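Enquirer: Pasted the sequence and its predicted model underneath.
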Amino acid sequence: MCGRYGLHHDPQAVAAGLDAHASSGAQAFSPRYNLAPTATAPVIDQARRMTLARWGLVPHWAKPDTFKALLFNARSETLFEKPSFRDAARTARCVVPASGFYEWRTEDGVKQPYWIARQDGAPLMLAGVHADRPDAGAYARTFAIVTQPPGRLMQQLHDRQPVMLTEQALEAWLNPSLKDPGALEAPLTDARNDGLVAHPVGREVGRAQAEGPHLIAPTGAPLTS
């Protein structure tokens, strides 16, 4: 967790809203409704550049062709301690824009997916960390999404949730002069998620190949915080 998310907001508009410059690759990014681990997606780094990156962080010290760990998520509680993440947490933080994300819970013996998004339709700004290897082809930039204990809404679905940055927390997260874990504690421990809504969707989203706006169409009553 986070295991799937979608981005159908215009990446260039998102970048402009954060006073960031979108690379040509990010500008050309098409709407996606089912981004799974190992997919390529836009991220905004501390230099305020939106670039494409592969979901699944490969630490800068690792060899991409032999590193087999699945580092899609990074726990906020150990982010500055784990060897795989601590360097990136200090010097390579990023924001992962998302229109929403999916989570599953078991209902009547069946896993039911939910789409979680902001009630006002604005994009979520998820905390992330990245690693760069300019000589590594598809692994030139990789990223992981930071997770934390759940807020009121997500407690109904899962024991973790992605860190969703407020405007103030986002400015701190992208500030390259902040490297002390203590200075970054607030945005990583704020589990509030007021203003979110989760509604059930069709189980087709469980297939990584499934794509399209129909995947986020409600199939039942929403959950709210």
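Expert: On my side now, so go ahead.

Enquirer: buried stuff in the helix or strand of the chain with the lowest mean pLDDT?
Expert: The helix or strand of the chain with the poorest confidence is helix 185-189; it has a mean of 77 (mean pLDDT, DSSP states H and E). Neighbour counts over helix 185-189 (16 or more other Cβ atoms under 10 Å) mark 187-188 as buried. From N, CA and C alone the C-beta is placed, and that goes for glycine too.

Enquirer: Beyond it, next helix or strand please.
Expert: Sequence order places strand 196-200 as the next helix or strand after helix 185-189, per DSSP states H and E.

Enquirer: just checking, next helix/strand downstream of that following strand?
Expert: Moving toward the C-terminus from strand 196-200, the next helix or strand (DSSP H and E) is strand 223-224.

Enquirer: quick one: the helices in the protein?
Expert: 11-17, 24-27, 86-91, 167-173, 185-189 (DSSP state H).

Enquirer: Can you flag the weakest of those by average pLDDT?
Expert: Among those, helix 185-189 has the lowest mean pLDDT, at a mean of 77.

Enquirer: Quick check: nearest residue in space to residue 206, chain neighbours excluded?
Expert: Nearest in space to residue 206, with sequence neighbours left out and distances taken as Cβ to Cβ, 6 or more residues apart in numbering, is residue 113 at 6.5 Å.

Enquirer: Which among the helices of the chain is found nearest to residue 98?
Expert: With Cβ to Cβ, the closest approach to residue 98 among those belongs to helix 11-17: 9.7 Å.

Enquirer: for that closest one, packing partners?
Expert: When contacts are defined as 3 or more Cβ pairs under 8 Å, 6 or more residues apart in numbering; DSSP states H and E, helix 11-17 packs onto strand 21-22, helix 24-27, strand 40-45, strand 49-55.

Enquirer: Which among these is found nearest to residue 123?
Expert: strand 40-45 (10.8 Å).

Enquirer: If you compare the directions of the closest one and strand 49-55, what angle comes out?
Expert: Computed by axes from the mean of the first three to the mean of the last three Cα atoms, to 10 degrees, the angle separating strand 40-45 from strand 49-55 equals 130 degrees.

Enquirer: Below-threshold pLDDT in the chain: ranges please.
Expert: 1, 136-139, 190-193 (pLDDT under 70).

Enquirer: what does stretch 129-146 rub up against?
Expert: Contact partners of stretch 129-146, identified using Cβ atoms under 8 Å, 6 or more residues apart in numbering, comprise 2, 40, 43, 45, 51-60, 64, 71-76, 79, 85, 87-89, 92-94, 96, 126-128, 162-163, 188.

Enquirer: Give me the buried entries from those.
Expert: Among the contacts of stretch 129-146, those classed as buried by 16+ other Cβ under 10 Å are 2, 43, 45, 51-59, 64, 71-74, 76, 79, 85, 88-89, 92-94, 96, 126-128, 162-163, 188.

Enquirer: Would you mind giving the helices of the chain as JSON lines with distance to residue 156 added?
Expert: Converted to JSON lines, the helices of the chain look like this (distance: least, Cβ to Cβ, whole Å):
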{"stretch": "helix 11-17", "distance to residue 156": "28"}
{"stretch": "helix 24-27", "distance to residue 156": "34"}
{"stretch": "helix 86-91", "distance to residue 156": "29"}
{"stretch": "helix 167-173", "distance to residue 156": "24"}
{"stretch": "helix 185-189", "distance to residue 156": "20"}
